[in-house]
Every structure is written in structure tokens, then in C-alpha cells.
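Let's see this in three dimensions:
(chains A, B, C and D)
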There are 2 protein chains.
Amino acid sequence: MPKTLQISQTLREWMDAFMHRSMRGWARFAKSTGLSMAQFSVLMQLYHKGACGMSQISERFDVTPAAASQLVEKLVQAGYIERAEDPSDRRAKLLKLSPAGTKLLEEGVSERYRWLDDLVRSLSEEEQVKVGEALEILTRAAQKMES
Amino acid sequence: MPKTLQISQTLREWMDAFMHRSMRGWARFAKSTGLSMAQFSVLMQLYHKGACGMSQISERFDVTPAAASQLVEKLVQAGYIERAEDPSDRRAKLLKLSPAGTKLLEEGVSERYRWLDDLVRSLSEEEQVKVGEALEILTRAAQKMES
DNA sequence: ATATAAATTTAAGCCCGCTTAACTAACAAG
DNA sequence: CTTGTTAGTTAAGCGGGCTTAAATTTATAT
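Numbering: from 1, shown residues only, chains lettered A, B, ... in the order given. Below is the predicted model of the structure:
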């Protein structure tokens, strides 16, 4: 069998295992905070892509503006999001994570990825170098595929 | 800065990027089939872990038996799951994917991972070898961490 | 100025998944 | 055989997220 196929297969398995672990952890964390997956996703979006307007939420999650508004409302009530008027266009809102929101996510992310850190730390010096190289290759290739 | 930390960071970023892409694809596919995420997850469970009883569904998803029963009922109605009596214990049911269910998931999985295959195929011979090695290292380390 | 478009919000209603509680059927043990 | 336990189902009700439709406010263009 061709080597390419075998690597593809191994990569799939690795990613699958990672997905399962990560998803379970993610769901458990969201549940422990009393947030729904949808609410959590909005916070994550804000965390990774920074402040934005209501319309951006609506577009990114492929829901109506009404749905986005209601979703955000609850997170504002809960104190995780600050909703301010956009000075450059007073129709629009500026949504950003509150300090409490940021704190929440950082705890969640670190919890979710702790095992990855442990994994890397369990590798020998030499293994770490190899893994680092491979990641660089994959990341570069992925970037190239975007265009 | 220590190399270990930097690799850890790169690995996180790679996994994050993968998660986002995969999740979006997964959600889109589930939506296109008219299934909810929860329903899709049950099918995936059956696909990866094979046939099981109602109680196993209930345990794995951490919901009441009632919820599991209702969830499965819809999938039986939709023709994706076959629900039979367990011959060894007539109280219990044996849940397994129907041919239609298997077909559905295999299409979904292949769609979800096509870009990964493309990614691997875009690498040079030498790069593929390096990536293959690294994956082997990671997989072995992950297995060791399970115990 | 006035008409149109855009960014939200609110309200009403639907579907979904979850829970509790009550029920049926089958096994297990005295 | 009776009692208790286990597997699953059904019904009622709750809350969440989504949609459509209508309203509000602000920007834009003629």
C-alpha cells in the first residue's frame, strides 16, 4: 500500500482521538459553568477573533440577527459580554468579552489542553524536535491550502 | 523561551485550527441531513463503538434512559438505526446502524476528512516521512498516557 | 428633505432535548 | 410464587435556540 495513504489514515485516527477527548472535555466544562454549547461558542468566537458587532455573530454562526441578539443578551445578563454602542455607527453594537468572560475561557482552555501539554512534556528531547518539525510542515501546508 | 513550551503552543494552535474546521464541517453536514447534533452523535457512537443497548447510550451521553430512548426512537423512525430485542435478555434492546445509517456516516466522514487527505497529498516525499514519524511518536505517547 | 436601506431588538410560536414520574415487561432470588 | 431489581417506554412539562414578522433607531442616497 502507498505510504501516503497510510499517513493519511494515521493522521485521521490521531485527529479523531483528539476530537473525542477535546469535545467531551469541552462539553463537560460548558455544562459545569451552566452555559449551553451555543453560548460557549459565542464566547470562544469573541475570544479568538476579538470584539465584533451583532451582525458578525449572526453571519459566523449562520443564524438570523434575531437569534444572535437573543443569544448575546443572555451572555450580557450573565456578565460575560460587554455590549456597547459602536461610536462610528450608532446603529451597531460593539460586543467584547468582559474580564469575567476572559477569565472563564482561559480557565476552560487551559483545562482542555492540559493533557496536550503533558503529552509534549512526556517526550524526549529528540522526539520533541521531530514533532516540532512535523507541526511546522503541517501548519505551513495548511496555510498554503487556504488560498 | 524553552522549546517544550513552544512546541506545546504550536500543537495547540494546530489542534485549534483543526477543531474549528472540523466542527464547522460536521455541523454543516448534520444540518444538511436534517439531523440534530445529538442525533448525529448517537450515530457516530454506534459507528465507532458498534452495537449496544439503550443503557449504554444513556451512560455515554450522560442523560436519563428516557432521553436516550426518545433520541433513538427518532433515528429508528428515520431508518438509520435498527432496534431489535436482545436474545440473551429480552428486556434489553440491541441497537445497531442500519445500512442507510452506515452509508450516511461514511459519506460524512469522508467529506469531513477530505481536506486532511489533500493536505497529506500536498506534502513532498520527505515531508510525509517526517510527519509520519511524528504521528507515530504522538500516538505512542498518547497510548502510554492512558494508563 | 424624503425615501430607502441597514443594525438591532422584541414578541410569538415551533421544535428539540432533557427531566421527572408512572408504567410495563423480564429477570433473579428468597 | 412473591418480592425486588433491571431495561426500556410513555407522557407531561420546562427551557433553549431558532424563525418570522413587526418595530425602532440611525445611516445613506436621491
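
Now do the strands in chain A.
Applying DSSP state E to chain A gives strands spanning A:81-85, A:93-97.

can you tell me how far the closest residue to A:Ser69 other than its chain neighbours sits from A:Glu85?
In this structure, A:Ser69 finds its nearest non-sequential neighbour in A:Met54, 6.0 Å apart by C-beta to C-beta, 6 or more residues apart in numbering or on different chains. C-beta here means a position set from N, CA and C on the backbone, and glycine is covered the same way. Noted for A:Met54: a distance of 12 Å to A:Glu85, by C-beta to C-beta, to the nearest Å.

and the two? which has more neighbours close in?
Each of A:Met54 and A:Glu85 has its neighbours counted (other C-beta atoms under 10 Å in any protein chain shown); A:Met54 has more, 20 against 11.

just to revisit the earlier point, who's in contact with the residue nearest to A:Ser69?
Each residue near A:Met54 by C-beta atoms under 8 Å, 6 or more residues apart in numbering or on different chains is listed here: A:Pro65, A:Ala68, A:Ser69, A:Val72, A:Ala92, A:Lys93, A:Leu95.

re the thing from before, do you know which of the strands of chain A lies nearest DNA strand C?
strand A:93-97 (4.3 Å; C-beta to the nearest atom of the strand).

Specify the angle between the closest one and strand A:81-85 in degrees.
Orientation check (axes from the mean of the first three to the mean of the last three C-alpha atoms, to 10 degrees): strand A:93-97 against strand A:81-85 gives 160 degrees.

Whether strand A:93-97 contacts DNA strand C - can you check?
Yes: between strand A:93-97 and DNA strand C, judged by C-beta under 7 Å from any atom of the strand, the touching residues are A:Lys93.

same question, stretch A:38-54
Yes: Stretch A:38-54 is in contact with DNA strand C by C-beta under 7 Å from any atom of the strand, via A:Gly53, A:Met54.

Is that stretch in proximity to DNA strand D?
Yes: applying C-beta under 7 Å from any atom of the strand, one finds stretch A:38-54 touching DNA strand D at A:Ala38, A:Gln39.

Please, where are all the helices along chain A?
Assigned by DSSP state H, the helices in chain A fall at A:3-33, A:37-49, A:54-60, A:65-77, A:99-121, A:125-146.

buried sites along the longest one?
Put plainly, it is helix A:3-33. A:7-8, A:10-12, A:14-16, A:18-19, A:22-23, A:25-26, A:29-30 (16 or more other C-beta atoms under 10 Å in any protein chain shown).

quick check, nearest of those to DNA strand D?
A:Ala30 (9.6 Å).

just to revisit the earlier point, out of the strands of chain A, which comes closest to chain B?
Closest to chain B of the strands of chain A is strand A:93-97 (C-beta to the nearest C-beta; 17.0 Å).

and the closest one, what does it pack onto?
Packing contacts for strand A:93-97, counted by 3 or more C-beta pairs under 8 Å, 6 or more residues apart in numbering or on different chains; DSSP states H and E, involve helix A:37-49, helix A:54-60, strand A:81-85.

returning to that earlier point: right, so the strands of chain A: which one is the most enclosed?
Most buried of the strands of chain A by mean neighbour count (mean count of other C-beta atoms under 10 Å in any protein chain shown) is strand A:93-97; its value is a mean of 19.
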